[in-house]
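Participant: sequence below, structure please.
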Amino acid sequence: MHSLLHLLLPLLAWLGLHTAPAPAAADPDWVRQVGAKTQPATKTVFQATKYGAVADGKTLNTQAIQKAIDAAARKGGVVTFAPGQYLTGSLFLKKGVTLDIPKGVTLLGSQDLKDYPDMPSRVAGIEMVWPAALINVLGQDNVAITGQGTIDGQGKPFWDKYWAMRKEYDAKRPRLLIVANSSNVTLKGLTLQRSGFWTVHVLYSQNVTADGLVIRNNVGGHGPSTDGIDIDSSSYVLVQNCDIDCNDDNFCLKAGRDWDGLRVNRPAEYILIQNCVAGAGDGLFTCGSETSGGIRHVIARGLKAKGTKVGIRIKSALNRGGTVEDIVVDDIEMDGVGTAILMTMNWNPAYSYSTLPAGYTQETLPDHWKKMLAKVEPAERGLPHFKDVTITNVRVKNAKTAVSAEGQANSLLENMRLENITMTAATAGVINYAAGWSVKNLNITADDQESVAVQNSAGMKY
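Facilitator: Just a heads-up that it's a prediction; the model follows:
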């Protein structure tokens, strides 16, 4: 039976049918359910140039490309392009449509914010009005975005705006691609670069596949907050064979922030990330810091990091709440990272704990700032919890710190399992406020020849 399935998988892929990732023997049943279950079946081609799109990199083609999408949506079909560069503002995909961007084609994002209409969304864990993305899949089912071409956000003007306004929260910048309130969405094969803000944002959605994406946000500058793939209060998501080089978290799970995130209370769950690599960036695999709705039932495996600031990271804040649990991280390679394994419940206090901006009163505050300033009561509701995390088969060389794991006296890091881990680092690090850890075959060679400092912890098995 196994050999027959092995022979059938290439045929099924060629036919465009969904094939769930082949589960390992010990995988939970939910692994078979991740990813898009359907893809658009209609292959009728709608050439964007026939609807007025001009491939000169200068003409604004938003209306022309949207006409092609709308025409394809009537009966289903494939919107595609002749070779060249197409300048565009926000585009909105619809049910049954494949947006195909072939090799030799680049969609260029407009550098004018007015070409990205404001609409309700969630950004940094708070529901608010925010500019639409360059490519939008909103409230749709059975959509695909494919091809060997490039989507270039041309984000530098938005990066510059951020640096000029970073003391305020309203440095509005468009994401490159958002999937929100949608299902059965496939993103495959594309190169995505120079996003003005987050690159791929999967929000309030289920059964989404991101396969073979290449993300580059260090082209022509250092784009701030240009996360790679953010999975935000979504479920049954498959990410595989992706290559990310950005300036913030590369593969990141989110579930809402503070009072507003606790109000929404939607988890990120049933997520498989496998066979991916990360270069520059803030974290190879990150859970948080937006943890309010909970992050659970996650497998991240076969990942590689080179030069990334942090390898495996779980982070939150003391007013964020939520539980991070049932996380399995396996078969990880890191070279030249800052901290290999980092857990903190008090991440970046200057960012995490909002204060009233200068020049505003409660009466003049935008609604999203009111949400950010709303107190979480009782205070205990804001305490995050990390438990039941398994990290196995990890190989690290040239890290600055091997392990930095800091719980709280009233919220311990509970029941973590570390096994078959080999690291070389400048310093071994610390485990503080932990309980019930199982540590087996953890080998750390530290330049300072010190061992991991274990403090305020009980029930630690070595």
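Participant: okay, buried residues for the helix or strand harbouring Tyr351 please.
Facilitator: In the assignment (DSSP states H and E), Tyr351 maps to helix 349-352. Along helix 349-352, the positions that meet the burial threshold by neighbour count (16 or more other CB atoms under 10 Å) are Ser352. For glycine as for every other residue, the C-beta is placed from the backbone atoms N, C-alpha and C.
Participant: looking at the chain, which helix or strand does the model trust least?
Facilitator: For the chain, the helix or strand with the lowest mean confidence is helix 2-14, at a mean of 37 (criterion: mean pLDDT, DSSP states H and E).
Participant: list the contacts of the nearest residue to His385 once chain neighbours are set aside.
Facilitator: Distances taken as CB to CB, 6 or more residues apart in numbering put Thr323 closest to His385, at 4.4 Å, once the chain neighbours are dropped. Contact partners of Thr323, counting by CB atoms under 8 Å, 6 or more residues apart in numbering, are Thr291, Gly294, Ile295, Arg296, Pro384, His385, Phe386, Lys387.
Participant: let's see it at 10 Å
Facilitator: Thr323 makes contacts with 255, 267, 291-296, 316, 383-388, 411, as judged by CB atoms under 10 Å, 6 or more residues apart in numbering.
Participant: show me where the stretch 151-300 of the chain has strands.
Facilitator: 177-180, 183-188, 191-193, 200-203, 206-211, 214-216, 229-232, 235-240, 243-245, 249-254, 268-278, 283-287, 295-306 (DSSP state E, counting those that start in this stretch).
Participant: disregarding residues adjacent in the polypeptide, which is nearest to Leu373?
Facilitator: For Leu373, ignoring the flanking residues on the chain, the nearest one in space by CB to CB, 6+ apart is Ser354 at 5.6 Å.
Participant: now do the contacts for that neighbour.
Facilitator: For Ser354, the residues meeting the contact criterion (CB under 10 Å, 6+ apart) are Ile126, Tyr169, Arg257, Asp258, Asn319, Trp369, Lys371, Met372, Leu373, Ala374.
Participant: by pLDDT, give me the weakest of these.
Facilitator: Between the contacts of Ser354, the one the model trusts least by pLDDT is Tyr169, at 53.
Participant: quick one: which of the contacts of Ser354 is most hemmed in?
Facilitator: Neighbour counts for the contacts of Ser354 were taken using other CB atoms under 10 Å; the highest belongs to Arg257, with 31 neighbours.
Participant: need the contact list for the closest residue to it other than its chain neighbours.
Facilitator: Distances taken as CB to CB, 6+ apart put Gly125 closest to Arg257, at 2.6 Å, once the chain neighbours are dropped. With contacts defined as CB under 10 Å, 6+ apart, Gly125 is in contact with 232-233, 254-258, 260-261, 264, 288-293, 320, 371-372.
Participant: kindly recompute the last result at 7 Å.
Facilitator: Gly125 makes contacts with Lys254, Gly256, Arg257, Asp260, Gly261, Glu290, Ser292, as judged by CB atoms under 7 Å, 6 or more residues apart in numbering.
Participant: need the max-distance pair from those residues.
Facilitator: Based on CB to CB, the longest span within those runs between Lys254 and Asp260 and measures 12.6 Å.
Participant: neighbour count: those two, which is higher?
Facilitator: Lys254 (30 against 20).
Participant: and that one, how far from Val202?
Facilitator: Per CB to CB, to the nearest Å, Lys254 is found 10 Å from Val202.
Participant: show me the common contact partners of these two, please.
Facilitator: If you check Lys254 and Val202 against CB under 7 Å, 6+ apart, the residues they both contact are Asp230, Ile231, Asp232.
Participant: quick revisit: including distance to Asp248, could the contacts of Ser354 go into CSV?
Facilitator: CSV is the format used below for the contacts of Ser354 (distance: CB to CB, whole Å):
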residue, distance to Asp248
Ile126, 17
Tyr169, 16
Arg257, 15
Asp258, 19
Asn319, 21
Trp369, 22
Lys371, 22
Met372, 19
Leu373, 24
Ala374, 25
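Participant: tell me which two of those residues sit farthest apart.
Facilitator: With distance counted by CB to CB, no two of the contacts of Ser354 lie farther apart than Tyr169 and Asn319, which are 16.3 Å apart.
Participant: domain parsing for the protein?
Facilitator: The chain breaks down by automatic domain parsing into domains covering 34-179+190-202+218-227, 248-349+362-462.
Participant: start to end distance for the shortest one?
Facilitator: The separation between the terminal residues of domain 34-179+190-202+218-227, taken as CA to CA, to the nearest Å, is 22 Å.
Participant: again, but for the last one
Facilitator: Its start and end residues considered, domain 248-349+362-462 measures 34 Å (CA to CA).
Participant: that domain: how far from the chain's middle?
Facilitator: Offset of domain 248-349+362-462 from its chain centre (CA atoms, centre = their mean, to the nearest Å): 15 Å.
Participant: got it, and the shortest one?
Facilitator: How far domain 34-179+190-202+218-227 lies from its chain's middle: 16 Å, per CA atoms, centre = their mean.
Participant: run through the stretch 1-150 of the chain and note the low-pLDDT ranges.
Facilitator: In the prediction, the stretch 1-150 of the chain carries residues with pLDDT under 70 at positions 1-25.
Participant: and the helices in the chain?
Facilitator: If you assign secondary structure with DSSP state H, the helices in the chain sit at 2-14, 62-75, 156-165, 258-264, 349-352, 367-373.
Participant: deepest of those helices, which one?
Facilitator: Between these, helix 258-264 has the highest mean count of neighbours, a mean of 21, where neighbours are mean count of other CB atoms under 10 Å.
Participant: show me what it is packed against.
Facilitator: strand 126-131, helix 367-373 (3 or more CB pairs under 7 Å, 6 or more residues apart in numbering; DSSP states H and E).
Participant: in CSV, list these along with distance to Asn241.
Facilitator: Supplementary listing: the helices and strands packed on helix 258-264 in CSV, determined by distance: least, CB to CB, whole Å:
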stretch, distance to Asn241
strand 126-131, 30
helix 367-373, 36
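Participant: tell me who's in contact with the one residue sitting closest to the centre of the chain.
Facilitator: To find the centre residue of the chain, average its C-alpha atoms and take the closest one (CA atoms, centre = their mean): that gives Asp230, at 1.8 Å. Shown here is Asp230, whose contacts under the criterion CB under 7 Å, 6+ apart are Trp198, Val200, His201, Val202, Cys252, Lys254.
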